[in-house]
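Enquirer: Provide a 3D model corresponding to the input given below.
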Amino acid sequence: MTHSFALHIPDADLEPDPLDPAQIVSGTPEVSGKVVWESEDGRQIRGIWQITPGVVTDTEADELFVVISGSATIEVEGGAAFTVGPGDLAVLRAGDRTTWTVHETLRKAYAINL
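Expert: Here you go, the predicted structure:
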């Protein structure tokens with residue numbers, strides 16, 4: 001998008017974004033999302049992401065996100081574990097290896113810097 005905009009996150013339509021099966025630890029989590037803005041050089045991305053219950057692993061980018069709905073516990077390898085829910089802001093550092101235990105379908109708005 002090349003103009004300013006507003007978007008009601010809870011009602012935004014998302015597109016399926018299948019997980020790599022190697023990331024799934026347990027359950028049958030499904031991911032969907034929508035990129036709402038990306039810089040010309042592709043190094044800054046803003047969007048919405050959603051995941052259904054289950055346990056998955058990931059290697060993170062530099063990310064700030066706000067949880068809109070749902071809850072999850074995020075364990076950072078060699079670091080903290082924290083639970084997030086509606087209204088919580090979280091920061092993940094590039095290279096963090098994480099395990100997400102999603103308790104109820106989680107939807108977040110995010111800003112990623114690559």
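
Enquirer: buried set for the lengthiest strand in the chain?
Expert: In terms of residue count, the longest strand belonging to the chain (DSSP state E) is strand 97-113. Residues of strand 97-113 classed as buried by neighbour count (16 or more other C-beta atoms under 10 Å): 98-102, 105-110, 112. All C-beta atoms are positioned from the backbone trio N, CA, C, and that covers glycine.

Enquirer: from those residues, which is closest to Gly70?
Expert: Leu106 (3.5 Å; C-beta to C-beta).

Enquirer: skipping adjacent residues, who's closest to the closest one in space?
Expert: Gly70 (3.5 Å; C-beta to C-beta, 6 or more residues apart in numbering).

Enquirer: isn't the one you found right up against Asp88?
Expert: No: in this structure, Gly70 is not within contact of Asp88 by C-beta atoms under 8 Å, at 10.6 Å.

Enquirer: please identify which of these two sits among more neighbours.
Expert: With neighbours defined as other C-beta atoms under 10 Å, Gly70 and Asp88 compare such that Gly70 has more, 19 against 15.

Enquirer: secondary structure element holding the more buried one?
Expert: strand 62-76 (DSSP states H and E).

Enquirer: just the angle between that strand and strand 97-113, please?
Expert: In terms of direction (axes from the mean of the first three to the mean of the last three C-alpha atoms, to 10 degrees), strand 62-76 departs from strand 97-113 by 170 degrees.
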